[in-house]
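Visitor: test case, fold it:
(one chain, ligands or ions: 1)
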Amino acid sequence: MSKFKLASLLSRSSSSATDVEKKLNRRSFSFSPSKPKKEVETVSIDTKPTMAATETTETEAPVTETSSTSHMVALARKISQETEKIEAYMKENKLPMPSFDVDAPADFPKLPEEILRSRYEVMSATKELGLLAQGPRGSIRWGVQQFLDVMALQVINHYGIAKLFPADATITLSELQAKTSLDPINLARLIRLAMTNGIFREPSPNMIAHTAASRVLAEDGDLEAWVGFNSEDIFPASAHVLQALKTYPEATSLTRTGFCFAFDTVDKEPMFATFGKDPIRARRMGRAMMSLTGGEGYEVSYFVNVEGGGYDLSSVDATGGTFVDIGGSHGFVCVDLAKRYKNIKFVVQDLPKTVDSAPKPICDDPQAAERISLIAHDFFAEQPTKDADVYYFRWIMHNYSTPYAIQLLKNLVPALKPGARIVINDHCLLEPGQENAFDESLMRRMDAVMLTLLNAQERTEAEFKELFKAASDGFVFKGVRRPKGCRMSIIEAVWRPDLVIAAAEAKEEEVPKTNGVAAEAATNGTTAASKDD
Ligand SMILES: C[S@@+](CC[C@H](N)C(=O)[O-])C[C@H]1O[C@@H](n2cnc3c(N)ncnc32)[C@H](O)[C@@H]1O
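Guide: Next up is the predicted model:
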């Protein structure tokens with residue numbers, strides 16, 4: 001008997017989210033130890049973690065810790081050294097230094113790589129120095145209360161306090177109190193708590209003024225949505241994660257999440273369905289996502305620009321092939337790709353409501369627009385676009401726990417032609433301490449958000465590889481790349497059922513495993529095959 005059931009490998013394999021949940025309501029391999037990370041091709045900001053006791057920087061005059069220099073002083077010197085580099089660059093380019101003064105820019109301009117690196121060094125070292133200055137007990141005692149800062153910001157954002165007076169004006173506390181239905185005493189106490197984080201200031205007793213932070217909260221609707229989504233959806237949901245984990249420790253179901261416990265939807269509906277019924281909340285989440293993904297390190301250009309380490313589709317372009325963007329929203333990735341590649345045909349798939357609300361025409365370039373079609377498709381059903389060259393998932397896999405993610409890949413199988421590429425564009429977690437400290441904290445928070453809302457997760461390279469392997473032996477994992485400066489990685493596999501068939505036949509004929517590519521592919525998940533490709 002062949003080890004590989006070819007019929008099942010090539011069979012149609014769609015099923016609904018609920019079916020998946022019933023069949024596979026367990027975490028299948030999340031706890032498998034990952035191997036030490038091999039060198040990734042490119043990583044974003046190449047700073048070293050600063051928590052290590054023996055710390056050096058990659059600057060010309062490294063700050064080293066000697067027996068006469070404490071780690072705290074080494075950190076303080078590093079902060080000073082890296083800040084001076086930032087200042088020198090800003091002065092040279094006649095740019096203002098960061099400030100919370102009301103008229104200061106809300107963001108740094110786009111910085112060259114080494115200055116960006118200095119910024120990250122300062123952020124990481126400052127955090128570490130702050131923890132050391134608090135001491136271990138103090139860092140925990142006071143760290144655990146950070147949710148109160150979120151609570152103050154939640155209330156201020158919800159009541160639109162920042163929009164109640166102009167950026168260049170001051171207002172008395174009583175005038176501000178008169179402009180809102182928020183109880184006056186509570187307004188005063190929460191605004192003063194927010195001030196400890198640079199949001200508003202009190203230049204003289206009972207006179208309130210804006211800072212650059214409160215000003216941007218008033219002016220930037222996407223940031224307002226980001227704060228609303230985080231503080232009114234994720235924050236209450238996170239307070240129920242413990243309850244969810246205690247009740248359903250396997251933590252894979254979309255309807256048994258912290259979110260579901262917080263909003264009374266346990267075993268009723270997943271978060272996406274709850275938002276589907278509430279247009280205001282759905283719109284807020286959409287704008288919040290725009291605020292995140294339009295930000296530094298997430299731009300679509302990182303995927304599109306081959307010169308900067310993006311994904312090369314020129315061979316697909318040469319043959320006029322097809323690119324399918326699964327869960328592709330309004331198709332903005334395909335629009336950018338279509339402007340670069342003049343022959344590729346694009347199919348954007350999403351839920352009917354999303355497809356219906358896409359702009360028409362999809363973009364202002366007719367040559368690009370005519371090659372992009374949008375179709376309604378539920379990615380928990382079998383893939384309807386057959387024989388495409390590339391199937392692309394951006395920000396999709398991290399929304400699902402392992403059983404669902406495997407199902408998403410299985411649903412492709414009936415549509416795949418040999419050589420079809422499956423490209424996932426998501427965070428890919430490095431081993432602890434390999435990322436710069438700021439990015440690591442950001443990605444691990446995102447991982448926790450996924451747990452909170454969807455019992456989902458960010459993944460390591462090993463976990464992505466296992467997803468493909470669990471979905472079908474026909475997927476050949478090709479590895480992970482990350483464009484420089486980008487937080488998202490490009491994870492790729494190719495569909496090679498021929499190798500599985502050959503391996504099965506070889507096995508049936510009792511050909512020794514060492515004989516050839518096929519047997520190797522069958523046993524180790526296909527390294528040889530990817531070299532072949
Ligand atoms: C996090 S967004 C990612 C959107 C886009 N790929 C991007 O990079 O911004 C997830 C997308 O998946 C879509 N989606 C959710 N459930 C879906 C389903 N069952 N079938 C198809 N699309 C779905 C949502 O409408 C949304 O556009």
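Visitor: where's the residue of the chain positioned farthest from its centre relative to residue 502, distance?
Guide: The centre of the chain is farthest from one residue, residue 509, which by CA atoms, centre = their mean lies 46.5 Å away. Distance of residue 509 to residue 502, computed by CB to CB, to the nearest Å: 11 Å. Any C-beta I mention is one placed from the backbone N, CA and C, and that applies to glycine too.
Visitor: please apply the same query to residue 125.
Guide: From residue 125 to residue 502 the distance is 54 Å (CB to CB).
Visitor: can you list the residues of the protein near the ligand?
Guide: Contact residues (CB under 6 Å from any ligand atom) of the chain with the ligand: 272, 293, 327-329, 350-351, 354, 378-380, 394-396.
Visitor: just to revisit the earlier point, per-residue pLDDT of the residue farthest from the centre of the chain, please?
Guide: Looking at residue 509, its pLDDT is 76.
Visitor: by pLDDT, give me the weakest of the residues of the chain next to the ligand.
Guide: residue 293 (71).
Visitor: next, count neighbours for the closest residue to that residue other than its chain neighbours.
Guide: Distances taken as CB to CB, 6 or more residues apart in numbering place residue 395 nearest to residue 293, at 7.5 Å, with adjacent residues excluded. As a burial measure, residue 395 scores 18 neighbours (other CB atoms under 10 Å).
Visitor: which residues does residue 395 contact?
Guide: Counting by CB atoms under 8 Å, 6 or more residues apart in numbering, residue 395 touches 293, 327, 425-426.
Visitor: and it, how far from residue 424?
Guide: Counting by CB to CB, the gap from residue 395 to residue 424 is 10 Å.
Visitor: do the same with residue 360
Guide: 29 Å.
Visitor: residue 124 too?
Guide: Taken as CB to CB, the span from residue 124 to residue 424 is 28 Å.
Visitor: next one: residue 208
Guide: On the measure of CB to CB, residue 208 and residue 424 end up 47 Å apart.
Visitor: can you tell me what sits against stretch 160-171?
Guide: With CB under 8 Å, 6+ apart, stretch 160-171 has contacts from 102-103, 156, 175-176, 179-180, 182, 187, 191, 199-200, 203, 207-210, 214-215, 217-219, 224.
Visitor: picking up where we left off before, closest to residue 307 among the residues of the chain next to the ligand?
Guide: residue 394 (20.0 Å; CB to CB).
Visitor: so what's the closest one up against?
Guide: 303, 325, 327-328, 333, 424-426.
Visitor: can we see that at 7 Å?
Guide: Listed by CB atoms under 7 Å, 6 or more residues apart in numbering, the contact set of residue 394 reads 333, 425.
Visitor: so which strand or helix has the residue nearest the centre of the chain?
Guide: Centroid-nearest residue in the chain: residue 427, 5.1 Å away (criterion: CA atoms, centre = their mean). Assessed by DSSP states H and E, residue 427 sits inside strand 421-429.
Visitor: could you give the mean pLDDT of that strand?
Guide: Taken as a whole, strand 421-429 has an average pLDDT of 97.
Visitor: what's the spacing between that strand and its chain's center?
Guide: 11 Å (CA atoms, centre = their mean, to the nearest Å).
Visitor: partners of that strand, with directions?
Guide: Looking at strand 421-429 with DSSP bridges, its partner strands are strand 390-394 (parallel), strand 459-460 (parallel), strand 488-495 (antiparallel).
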